[in-house]
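Student: Turn this into a structure:
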Amino acid sequence: MTAPPNDMGQPPYTRGTLILHTTNHPRPGRRLVTRARRFGAQPYAVPLLVAVLLALAGAQIALVFKVPSWGNDEPAHVGYVASLAEGRLPTIETDIVDDPARFPRTATEFRGWDEGHGDIWTANHPPLFHLALVPVWWVASEHQSAMIITMRLANTLGFAAWLFLVGVLASELARRRPAVAALAVVVAAAPTLVLRSAFFVNDGWASASALLLLLMTIRMMRGTVTPARIAVAVAAGTVAAGTRAQGVLVVALCAATLLFVLTRRDGWRRGMTVAAAVGGIPALAFGWFYLRNLRLYGDLTGQGALLEKFGRDPVTSWHRVDNIPGLTEPTLSAAIVIVAALVLVPVAMVRSVRRHGLRVDAAWLLLGLHGLFTLQNVVAFLATGGGFHDRYLMQVMPLLATATAVGMLEVGRWWRQPVPGTTASQRRDWWVATAWSGLQLLWLAGAMASLEHYYVFSRQESSPVDGPLPDALVVLAVGVGAAVVAVMVGRARALATSVPAPRPVAVGQQSVPKH
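Tutor: Presented below is the predicted three-dimensional model:
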């Protein structure tokens, strides 16, 4: 017996039958979880999250640190922008802007505590980054704190881009071990570098552009040469050479490498064309500035003139190493990474040579040569009396962080060694990388709290920006840090060994044992 048609004109249902109308649309919470899992499965999810973490932490410090910061050269950088805004390219003897009418509260701070620090001592750097911030001066120079904080945040974004590119380059160095790149970007987020990202300096975009040039060079060496890759390499090299003197080294090395590799692989015409574009266009754009330094100061970077200006004494023996300005703080803040690198990286190298023999990879070789040249320049600078800044190592961080990450993943191999390249090996990499990352992120949080207390809250009575925004940025940074660990746990769990489901048995069928 059937029921009569209902009022909606729908067909009648059989009595006693219950029909449930369901929808295929998942719940909002389920959609969010699905999207989070899809994002976590992306190869660059962890580098992107750690870059966001750095941007949030750097922005928080930029908002609460007093204006200007002498320890981070902000008065000289602001003076550089002010001079360009007036149409003058400054020298290291040009006075920093200190107009009491324009800056009534902090003009004395811009004037400096001695004659040398009253000048734009950063004028030995090429002007591209400062030129890009001239519009900020034109718009906001009447509001000094807002203007300098905006300039700080521009550098913070550069640091975030740099850290993301560290992860991308690490993935190029360890293409078969994605956990290495994830751990490397956490290793690279050293506490003092996160602190420096909060100030108006030119290292962020200088280092990001240098790493982008190295990335394009590696991809052209390993793959095809395309017009897009050449264009990106030329643009990155121009920004690198036009922002800091370190960029010139990267441009020269990449151009020479491309000339050698592409000439052997694709012929001399292709090699000459690509190398001329990558090396020649940045030289044409900013070679004049380095020749100007040579004419004014006697060398291409103005380094000798600056050492003489500030009366630095050479470090001629090992017992005077502790006298190098700025060396202690970054060393102590990165103690875990330094110990891991010194102990575990040699273990990983010996194990790799025993298993595979001595192998030469073009990408590792390129970054290794760049690291050696950078180390030589830094050591020479310190020996002549210069101070140490961890920012000097930003452009070699992909090599340092990736090697350290590989060493860290050696922990525990002496009692469990899955076959390399298998799912079990990758799962083990992710779990070990998760443990190291959790430890590093906790260390970062504690170190940042200590550094911020020492440099900010114990030395100043008020902040340029009050209210809930700085605290909200801290909460967001903590949440992003937790997301980093969650993504890495998800990657490890996704590689768990799947257990095949039992085959269904038909009704009445009996299993017969096989003899």
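Student: quick one: low-confidence ranges for this protein?
Tutor: Applying pLDDT under 70 to the chain picks out residues 1-26, 104-106, 112-115, 316-320, 322-323, 414-416, 497-515.
Student: at 50 instead, please
Tutor: Within the chain, the segments meeting pLDDT under 50 span 1-4, 6-22, 498-515.
Student: So what does the spatially most central residue of it have for phi and psi?
Tutor: What sits nearest the mean C-alpha location of the chain, by CA atoms, centre = their mean, is Leu163, with 1.2 Å. Phi and psi for Leu163, reported as degrees, to the nearest 10, are phi -70, psi -40.
Student: Against Ala45, how distant is the nearest residue to it once chain neighbours are set aside?
Tutor: Once flanking residues are discounted, Leu163 sits nearest to Ala51: 4.7 Å by CB to CB, 6 or more residues apart in numbering. Yep, even glycine has a C-beta here, placed from its N, CA and C like the rest. As judged by CB to CB, to the nearest Å, Ala51 and Ala45 stand 11 Å apart.
Student: Could you check which of those two has the larger neighbour count?
Tutor: The neighbour comparison of Ala51 against Ala45 (other CB atoms under 10 Å) goes to Ala51, with 24 against 21.
Student: Regarding that one, which helix or strand does it belong to?
Tutor: helix 45-64 (DSSP states H and E).
Student: pretty sure Phe260 contacts Gly271?
Tutor: Yes. Assessed by CB atoms under 8 Å, Phe260 is found in contact with Gly271 at 7.5 Å.
Student: These two: which is more packed in?
Tutor: Here Phe260 and Gly271 are compared on neighbour count by other CB under 10 Å; more neighbours surround Gly271, at 19 against 13.
Student: Let me know the distance separating the more buried one from Asp361.
Tutor: 20 Å.
Student: and what of Tyr290?
Tutor: 32 Å.
Student: Ok, Gly116 next?
Tutor: The spacing between Gly116 and Asp361, counted by CB to CB, is 46 Å.
Student: Equivalent analysis for Thr217, please.
Tutor: 14 Å.
Student: between these two, which one's more packed in?
Tutor: Higher neighbour count among Thr217 and Asp361: Thr217, with 27 against 14, using other CB under 10 Å.
Student: residues touching the residue nearest to the centre of the chain, list them.
Tutor: Pro47, Val50, Ala51, Leu54, Val185, Ala188, Ala189 (CB atoms under 8 Å, 6 or more residues apart in numbering).
Student: Pop out the phi and psi values for the fifth one.
Tutor: Just to be clear, that refers to Val185. Phi and psi for Val185, reported as degrees, to the nearest 10, are phi -70, psi -30.
Student: Number of residues surrounding it?
Tutor: Neighbour count of Val185, defined by other CB under 10 Å: 34.
Student: Val187 versus the closest residue to it other than its chain neighbours, what's the distance?
Tutor: Closest residue to Val185 apart from its sequence neighbours, by CB to CB, 6+ apart: Gly167 at 3.7 Å. Distance from Gly167 to Val187, counting by CB to CB: 10 Å.
Student: same check, this time on Thr224
Tutor: Separation of Thr224 from Val187 (CB to CB): 31 Å.
Student: Among these two, which residue is more densely surrounded?
Tutor: Per other CB under 10 Å, whichever of Thr224 and Val187 has more neighbours is Val187, with 27 against 8.
Student: Tell me who's in contact with the nearest residue to that one once chain neighbours are set aside.
Tutor: For Val187, ignoring the flanking residues on the chain, the nearest one in space by CB to CB, 6+ apart is Ala401 at 4.4 Å. Ala401 is in contact with Val166, Ala170, Ala184, Val185, Val187, Ala188, counting by CB under 8 Å, 6+ apart.
Student: TSV for the residues you listed, including secondary structure?
Tutor: Below are the contacts of Ala401 laid out as TSV (DSSP: H, G, I helix; E, B strand; the rest coil):
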residue	secondary structure
Val166	helix
Ala170	helix
Ala184	helix
Val185	helix
Val187	helix
Ala188	helix
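Student: For Pro418, grab phi and psi.
Tutor: phi -60, psi 160.
Student: swap that for Asp95, please
Tutor: Backbone torsions of Asp95, given as degrees, to the nearest 10, read phi -70, psi 140.
Student: For it, give its distance to Phe103.
Tutor: Counting by CB to CB - Asp95 and Phe103 are separated by 14 Å.
Student: Ala184 now?
Tutor: 42 Å.
Student: does the residue nearest to Val187 sit in a helix or strand, and which one?
Tutor: Counting by DSSP H and E, the element that carries Ala401 is helix 397-408.
Student: So the residue nearest to the centre of the chain versus Ala55, what's the distance?
Tutor: Taking CB to CB, one finds Leu163 at 9 Å from Ala55.
Student: Could you check how many residues crowd around Ala285?
Tutor: 17.
Student: mind listing the helices for the stretch 201-350 of the chain?
Tutor: Counting by DSSP state H, counting those that start in this stretch, the stretch 201-350 of the chain has helices at residues 203-222, 227-241, 246-266, 268-275, 281-297, 303-309, 328-333, 335-356.
Student: I should have written the stretch 1-150 of the chain there, sorry.
Tutor: Using DSSP H, counting those that start in this stretch, the helices assigned to the stretch 1-150 of the chain run over residues 28-40, 45-64, 74-85, 107-111, 128-132, 134-140, 144-173.
Student: Could you point out which of these sits nearest Arg354?
Tutor: Ranking the helices of the stretch 1-150 of the chain by their distance to Arg354 (criterion: CB to CB) puts helix 144-173 first, at 20.2 Å.
Student: roughly how far out does that closest one sit from the chain middle?
Tutor: Here helix 144-173 is found 7 Å from its chain centre; the criterion is CA atoms, centre = their mean, to the nearest Å.
Student: Please apply the same query to stretch 202-215.
Tutor: Distance of stretch 202-215 from its chain centroid, counting by CA atoms, centre = their mean, is 9 Å.
Student: can you start the count at 431 instead of 1 from here on
Tutor: From this message on, residue numbering opens at 431, which makes the last subject stretch 632-645.
Student: Just the buried positions in it, please.
Tutor: 632-645 (16 or more other CB atoms under 10 Å).
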